[in-house]
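Colleague: Sequence plus predicted model, see below.
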Amino acid sequence: MEIEQAIGEELRACRQRKQISQEQLGFDAAVHRTYVSLIEGGDRSPTLAVLFRLCQALDVSPADFARNG
């Protein structure tokens, strides 16, 4: 599995566990909803700064995110 796909799948799983929309996650992490969708689809790879903001918005540590992804 490619890294982009693994990150996308873990991001989607974390977001669904928190029961929030892509739009809400984007708002909470200060990124556009379309970018969240592209990351979840494995079409884009987030920068480290964006990944940390997404993790913070999801209340998950980056270490736990990486371990599960």
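Modeller: Good, I have the coordinates. Since the model is a prediction, treat every value here as computed from it, not as a measurement.
Colleague: Run through the residues that contact the closest residue to residue 22 other than its chain neighbours.
Modeller: Distance criterion C-beta to C-beta, 6 or more residues apart in numbering; nearest residue to residue 22, sequence neighbours excluded, is residue 36 at 4.4 Å. C-beta coordinates here come from the backbone N, C-alpha and C atoms, glycine included. Contacts of residue 36 were listed using C-beta atoms under 8 Å, 6 or more residues apart in numbering, and they are 11, 15, 22, 25, 26, 29, 54.
Colleague: hmm, try it at 10 Å
Modeller: Contact partners of residue 36, counting by C-beta atoms under 10 Å, 6 or more residues apart in numbering, are 8, 11-12, 15, 21-27, 29, 44, 46, 50, 54, 57.
Colleague: Mind checking which of those residues are in helices?
Modeller: Counting by DSSP state H, these place 8, 11-12, 15, 22-27, 29, 50, 54, 57 in helices.
Colleague: Among the residues you listed, name the buried ones.
Modeller: Neighbour counting over the ones in helices among the contacts of residue 36 (16 or more other C-beta atoms under 10 Å) leaves 8, 11, 12, 15, 22, 25, 26, 29, 50, 54, 57 as the buried ones.
Colleague: Right, I'll call it a day here.
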